[in-house]
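Engineer: Got a sequence here, can you build the structure:
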Amino acid sequence: MAALFGTMITQVVGVTARLRLADAIGDDRRSVEELAARSGIAPERLDRLLRALACLGLCTEPEQGTFATWAVVTEPC
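Structural biologist: The predicted structure follows:
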């Protein structure tokens, strides 16, 4: 079971990186609709991806349908 979740996490993070979602969200809150328009992804699918990221602690959902990144995601190493 751990291998399954590890694979899922890898896929979620990989898709997020390819879509450059942290860059799209930036330092502000963004709605799913705004991010979907920027990325070309259907809002329903993007919402599921962003909720998965929130469950992993890689972004927050301060209001329903609105997402923000954590500083650790946007700060360079």
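
Engineer: all strands for the chain, in order.
Structural biologist: Using DSSP state E, the strands of the chain run over 30-31, 59-63, 66-69.

Engineer: Those strands: which one's closest to residue 16?
Structural biologist: Smallest distance to residue 16 across the strands of the chain (CB to CB): 8.8 Å, for strand 59-63. Just so you know, the C-beta spots here come from the backbone N, C-alpha and C atoms, and that holds for glycine as well.

Engineer: Direction included, what does the closest one pair up with?
Structural biologist: strand 66-69 (antiparallel) (DSSP bridges).

Engineer: got the CA coordinates for stretch 24-35 in CSV?
Structural biologist: Output of stretch 24-35 as CSV, limited to C-alpha atoms (Å, rounded to 0.1, in the frame of the first residue of the first chain):
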residue,chain,number,x,y,z
ALA,A,24,1.0,30.3,-11.6
ILE,A,25,-0.3,30.7,-8.0
GLY,A,26,2.7,33.0,-7.1
ASP,A,27,2.5,34.9,-3.8
ASP,A,28,-1.3,35.4,-3.9
ARG,A,29,-4.4,33.3,-3.8
ARG,A,30,-5.8,32.1,-7.1
SER,A,31,-9.1,30.6,-8.0
VAL,A,32,-9.4,27.2,-9.7
GLU,A,33,-11.0,28.9,-12.7
GLU,A,34,-8.1,31.4,-13.0
LEU,A,35,-5.5,28.6,-12.8
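
Engineer: Burial-wise, tell me which of the strands of the chain comes out on top.
Structural biologist: Mean neighbour count (mean count of other CB atoms under 10 Å) peaks for strand 66-69 among these, with a mean of 21.

Engineer: So for that strand, mean pLDDT?
Structural biologist: Averaging pLDDT along strand 66-69 yields 93.

Engineer: related to what we said a few turns ago, a markdown table for the strands of the chain, including distance to residue 1?
Structural biologist: Output for the strands of the chain, formatted as a markdown table (distance: least, CB to CB, whole Å):
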| stretch | distance to residue 1 |
| --- | --- |
| strand 30-31 | 33 |
| strand 59-63 | 25 |
| strand 66-69 | 28 |
